[in-house]
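In: sequence first, then the predicted structure, then my questions.
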Amino acid sequence: SADEASWKVCRIEGKTTIKGGRTQLNLHDGRNILVDDPSKDAYSTGDSLKISLPDQKVVEHIRFAEGTRCYLIGGAHVGSTAEVTEYVEKRSSMPNEVQFDGFGTVARNVFAIGDASMPLTEVAE
């Protein structure tokens, strides 16, 4: 629809502090967005942002946590959506894991799209 064409969901891949103490968010599609607000620490890698197009302003912040609705972009369940039941952070070279109802995958295969009751977008199963 025309409304859905005016925004995009992007995953935060990294954060960088640049000159002047401003925070730059590095997104999955190569975009970089500067954040000036004092709540810059609220953004974490793995979270998603709803950005408006073409001005690329942050409209909404989606935290990657338990209870978040996610779209799977890799692994055996690629293309499906599920609700996160547990996030297992490994303190080693092993990749972090995300558990869903009945299965799990590594965190890099998961894309947060909204909370369980109201995802930002509908994904055809």
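Out: On my side now, so go ahead.
In: low-confidence ranges, this protein, go.
Out: Applying pLDDT under 70 to the chain flags residues 1, 37-40, 116-125.
In: so it: which segments form each domain?
Out: Here the domain parsing of the chain from automatic domain parsing is 4-62, 68-119.
In: would you reformat the ones you listed as TSV and include mean neighbour count?
Out: Any C-beta I mention is one placed from the backbone N, CA and C, and that applies to glycine too. Putting those into TSV (neighbours: other CB atoms under 10 Å) gives the following:
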stretch	mean neighbour count
domain 4-62	14
domain 68-119	15
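In: let me see the contact set for R63.
Out: Residues in contact with R63 (CB atoms under 8 Å, 6 or more residues apart in numbering) are 44, 47, 112.
In: what does K8 give?
Out: 50-51, 53.
In: how near is N109 to A5?
Out: According to CB to CB, to the nearest Å, N109 and A5 sit 26 Å apart.
In: how much space between R91 and V98?
Out: 16 Å.
In: ditto for W7
Out: Taken as CB to CB, the span from W7 to V98 is 25 Å.
In: same check on Y87?
Out: Distance of Y87 to V98, given as CB to CB: 6 Å.
In: common neighbours of those two, please.
Out: Common neighbours of Y87 and V98, counting by CB under 8 Å, 6+ apart, are A107.
In: helix or strand right after the longest strand seen in the chain?
Out: Longest strand in the chain by number of residues (criterion: DSSP state E): strand 7-17. As assigned by DSSP states H and E, the chain's next helix or strand after strand 7-17 is strand 23-27.
In: contact partners of that next one?
Out: Contacts with strand 23-27, where a contact means CB under 8 Å, 6+ apart, come from 10-18, 32-35, 40, 43, 49.
In: could you figure out how far that strand is turned away from strand 7-17?
Out: Strand 23-27 and strand 7-17 meet at an angle of 130 degrees, taking axes from the mean of the first three to the mean of the last three CA atoms, to 10 degrees as the criterion.
In: can you dump the C-alpha atoms of strand 23-27 in PDB for me?
Out: C-alpha atoms of strand 23-27 as PDB (Å, rounded to 0.1, in the frame of the first residue of the first chain):
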ATOM      1  CA  THR A  23      25.900   8.300  18.200                       C
ATOM      2  CA  GLN A  24      25.800   6.800  14.700                       C
ATOM      3  CA  LEU A  25      23.600   3.700  14.200                       C
ATOM      4  CA  ASN A  26      24.800   1.400  11.500                       C
ATOM      5  CA  LEU A  27      21.900  -0.400   9.800                       C
END
